[in-house]
Every structure is written in C-alpha cells, then in structure tokens.
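Participant: here you go, sequence then predicted model.
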Amino acid sequence: MSGDLGNQVEGYLLWQARVAEAEQRAREFAGSLDWLTTAQREEVERRYVADSLLRARADLERIAARCVSLRGEYEQRYAELRRRCVGVALAVCAGLAALAALLLVL
C-alpha cells in the first residue's frame, strides 16, 4: 500500500515538474514575440502550455501501454522458462531413479 502512495506522489511531482517546464517554455516562446499585446501573450502561453501537456500526456500513455505489454511478454517468458526448468529437473530425477533401480538390480 505504501508503495502505491509513493508511486502516486512521485507521479504527481513529476507531472508538476512537467507543468512548470511547459509554463517556462511558454513564457520564453511568447516573450520573443514582442508585438503581442498582454492578452495575446497570455493566450499564446495558455495554448502553448495546453498543447505541451497534451503531448506529454499522450507520451506517458504510450509509455504506460508499452510497459504493460512488456510485463505480459516477460511474464509469459518467465512461465515458459519455469516450465522448462521443472521439466529438466524431473527428467534428471527420473534418469537418476532409473539408474539407481538398474544398479540395484545388478
């Protein structure tokens, strides 16, 4: 449970850093457009931030989907490897048991 809370706090802090970065970049972008009125500059900054955050959210959703996909692939490979290891262990045990039975007969 505390891991979930830690992940949520970390996600929140990362997102707030992304928001602050988008706002700073928007101010820098709009600042170079010296012919804009104050209202126009604020609108450009607002739209720039909104677009940046929309793109960041899409990137994060794409990354999260890939993480889920990779987790499924790794779980499948792990299960296959575990089955192989159990099969080899059983085959070795059966071979040793057969060898022991053969030695007892002789």
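Facilitator: Looks like it arrived, so ask away.
Participant: tell me which element residue 47 falls in.
Facilitator: Assessed by DSSP states H and E, residue 47 sits inside helix 38-105.
Participant: for that helix, the distance to its chain's centre please.
Facilitator: 10 Å (C-alpha atoms, centre = their mean, to the nearest Å).
Participant: quick check: which element contains residue 7?
Facilitator: Assigned by DSSP H and E, residue 7 falls in helix 2-31.
Participant: who does that helix touch, helix- and strand-wise?
Facilitator: On a contact count with 3 or more C-beta pairs under 8 Å, 6 or more residues apart in numbering; DSSP states H and E, helix 2-31 meets helix 38-105. C-beta here means a position set from N, CA and C on the backbone, and glycine is covered the same way.
Participant: so what does the helix it packs on touch, helix or strand wise?
Facilitator: helix 2-31.
Participant: what's the mean pLDDT across the helix it packs on?
Facilitator: Mean pLDDT, helix 2-31: 91.
Participant: I am finished for the moment; much appreciated.
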